[in-house]
Each structure stands twice: as structure tokens, then as C-alpha cells.
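[1] Curious how this folds, go ahead:
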Amino acid sequence: MERKALLELAKELSNAKGAPGFEDEAVAVLRRYAGELGGVNEDSLRNLYLARKENKGGRPMVQLDAHSDEVAFMVRAIRPNGTLSFIPLGGWIPCNIPAHKVWVQTEEGSYIPGIITSKPPHFASASERNATPAVEDMSIDIGASSREEVLRDFHVRIAAPVVPAVEFEYQEKRDLMIGKAFDCRLGCAALLQTLDLLRGKELSVDVTGAFAVQEEMGTRGAAVTANTVKPDLAIVFEGCPADDTVVEPYLVQTAIHKGPMLRHIDARMITNPRFQRYALDLAAELGIPVQESVRTGGSTNGAPIHLSNMGVPTIVVGIPVRYIHTHYGMAACADVENAARLTAAILERMNGEKISGF
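    Residues are numbered from 1 along each chain as shown. Okay, here's the model as predicted:
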């Protein structure tokens, strides 16, 4: 798809509300775009599978992965004063949470606005003003004044999912996207873009895209998708944390506008070095900008996928996103395009002999 269409897809995916376990809106967007590219089905967890139209069976299977959930929150309890106690879903730093607008799901499934609050400085002691409030001391205020009002008039219950209230925007002059849930809705966009680039082309492998749920809660959905697809090879798309504003220049390995990042290692996976080298060499041959990194923490759906089905050669194609796991992310559309270009090029050249060599 052309950039204008890709940006519209990224916008719809970013704006969709999809806390872990409640990915319905994001999955609905994916379904609408995926239908033109192949057969679509879903499992009971809400994992979405897209089998390429041109699949023939009896050939090596390649799984493309991206996750449809986002870091979010869940209502834990309703306080007597009408504010909501909550827990984080996924990895948040507490100081990034307060003073932001959120969407809270009602029992009917619609969303209403709220504000994440903490004690105002006027009522805080000196020690409280100088300390980051703990999540258990924060509240979501939806405008109610009592617990009864929350239940009766706002129709909010415990366990309601909560997501950041952020609208996608794009600055064309700077090729800069700003929005929420870029981890991993941009990966979802890259997966669909890859299959669009391959539309109608003859390959030597079959390809299934799997949009996994609950990645932010321990890569849970991918444990199911890997055992459903049973891949011989896997490529994982991820919105990965950009480091170009937070480390010394010599340590920068994941800058925006510099192409996708292929990681050699993270906390839960040592990337297959032969497949990794093949991808990096192909990118250099084709002039596709890429970055490579050595990570000491973090993980992706590559963790459960590469350990499934007697072991699966897996690489991670990460789209750099500044400030992921906060309300706002920044990323470049060109990095999404190049992630898809590289992956499509790999698939066009892939066959059983090469997979056996990995």
C-alpha cells in the first residue's frame, strides 16, 4: 500500500483501544484490512490468523507475528469518594502515569474519559511532594462523587480496562508519527504491509500472519499462535524502545529514521545467528537501512515462538519507537516501510533448503 494508506492504517490501529485481554477494537481493524490478503480466523483468546491467499500447503510454513494489545490499566476497586483504584497492565514506570487522560470501559462496552490523579501539591507534605506516588496511591477520576454514582450513573465496574486517551497525528515534513500503542500496532501495520507487497507473488514457502494478544502480560498469546501455526521459520515484528535520546552516542542502536532494528539477544531469546546474518546481509545487498542491537533486557513474542515445535529459527524486526510504555510514542513511517520491505525480500528468497541451513 502507498504511504497515505499505510498512515491511515497506522492511525486506525493506534487509536483503537486494546488493553491486554480486551483487544477487540484493534482486532476489528485488523480484520477489516486483512480480509483482502487471505483467509482470516480467530481463536478463543482473540488471536487473529491471516493465511496468505497464495498458500498451497505441503511447503515450509513461515509465521509472521505482531501483537495487538497495548500497555494499559485495569480498575481494581471503586473508592467511597467515586474515584477508581487501578493496576497496571504491562510495564509502566510510576512517574509516567499521573496527570494523563484515559478511556475507561463501561459495562456496556463503550468508553468514557477519566483523568489519572494523585494528591495535589497543596495537600501534600514536603516528603510527599518530593516522592513519586505509588500506583496504589493514584486514582482515576471519571467525575463521580460516590461509589454508588460510579455504578448507577457511569456504569463502571471493577476489572474494567483502561487505555491512554491519545489521538494519532502525523507530521509529514518530518515523517514523524505521534500516538499511543505503537508497541505493537506499528508492527501490526508492518505485517499487513509485508503481505500487501507480496500480493499475487509466487513463493517457495507458505506464510501465516498471527496477531497475538496479551504480549504485554508475558507473551501469552504467542504461546498459542506458535502451536497453532506450527512454523518452520518465524519473523516477529515489534515496536521496540528507541534509545537515541537516552544513551551515549556510541551506544545508540535503535534510532528513529534509521531503519528497523534486528536484535541479537534480549532477556528471553538469543536470536538464531544464521538467520540473523542472512537478514542483515540481505538488507545490505538491497540497500535497506537496518540497525542491530545487543539488549540486556526486554523480550518479544520471539521468546515463546522460537522455543515451540522442537525449536524455530526466529528473528525480530523492530520498529524504533521513542518513549514506548508511556502514553505517547514517536516513530517514523519510513521505518515501518523498511521493516516490511526487508521482510518481503526475505520471504521472496526463502525456501526449505535455506531454512534447513539455519
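[2] Only C-alpha atoms from now on, for both contacts and neighbour counts.
    Will do.
[3] could you pull out the helices for the stretch 51-200 of the chain?
    126-129, 147-149, 182-197 (DSSP state H, counting those that start in this stretch).
[4] before we move on, which element is the nearest residue to Leu262 once chain neighbours are set aside in?
    Spatial nearest neighbour of Leu262, chain neighbours left out: Glu292 (4.7 Å); criterion: Cα to Cα, 6 or more residues apart in numbering. Assessed by DSSP states H and E, Glu292 sits inside strand 291-293.
[5] Parallel or antiparallel, which strands does that strand pair with?
    strand 261-263 (parallel) (DSSP bridges).
[6] pLDDT score for the closest residue to Arg263 other than its chain neighbours?
    Nearest residue to Arg263, sequence neighbours excluded (Cα to Cα, 6+ apart): Ser293, at 4.6 Å. Looking at Ser293, its pLDDT reads 97.
[7] Might you report the residue contacts of Ser293?
    253-254, 261-265 (Cα atoms under 8 Å, 6 or more residues apart in numbering).
[8] roughly how far apart are it and Gln276?
    Distance of Ser293 to Gln276, given as Cα to Cα, to the nearest Å: 11 Å.
[9] Over to Thr300?
    For Thr300 relative to Gln276 (Cα to Cα), the value is 16 Å.
[10] Looking only at neighbour counts, state which of the two leads.
    Using other Cα atoms under 10 Å as the criterion, Thr300 and Gln276 rank with Thr300 on top: 26 against 21.
[11] Now the lowest-mean-pLDDT helix or strand in the chain - C-alpha only, CSV.
    Lowest on mean pLDDT, DSSP states H and E among the helices and strands of the chain sits helix 126-129, with a mean of 80. What follows is helix 126-129, C-alpha atoms only, in CSV (Å, rounded to 0.1, in the frame of the first residue of the first chain):
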residue,chain,number,x,y,z
ALA,A,126,7.1,18.0,51.9
SER,A,127,8.1,14.4,51.7
GLU,A,128,5.1,13.5,49.6
ARG,A,129,5.8,16.4,47.1
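[12] counting contacts, what elements does it pack onto?
    Packing partners of helix 126-129 (3 or more Cα pairs under 8 Å, 6 or more residues apart in numbering; DSSP states H and E): none among the helices and strands.
[13] returning to what we had before: what do Ser293 and Gln276 both touch?
    Residues within reach of Ser293 and of Gln276 at once, by Cα under 8 Å, 6+ apart, are 262, 264.
[14] what stretches of the stretch 251-358 of the chain score poorly on pLDDT?
    Within the stretch 251-358 of the chain, no range satisfies pLDDT under 70.
[15] Show me where it has its helices.
    Under DSSP H, counting those that start in this stretch, the stretch 251-358 of the chain gives helices at 273-286, 302-306, 333-349, 352-357.
[16] looking at these, which is buried most?
    helix 302-306 (a mean of 26; mean count of other Cα atoms under 10 Å).
[17] Can you tell me what sits against that helix?
    219, 222-223, 226, 234-236, 268-269, 311-316.
[18] Among these, which one is most surrounded by other residues?
    Thr314 (30 neighbours).
[19] Skipping its backbone neighbours, what lies nearest that one in space?
    Closest to Thr314 by Cα to Cα, 6+ apart is Ala234, at 4.7 Å.
[20] re the thing from before, farthest-apart pair in the contacts of Ser293, please.
    Thr254 and Ile265 (13.7 Å; Cα to Cα).
[21] and this protein, what are its domains?
    3-70+180-357, 72-164 (automatic domain parsing).
[22] Ranking those domains by mean neighbour count, which comes first?
    Most buried of those, by mean neighbour count (mean count of other Cα under 10 Å): domain 3-70+180-357, with a mean of 21.
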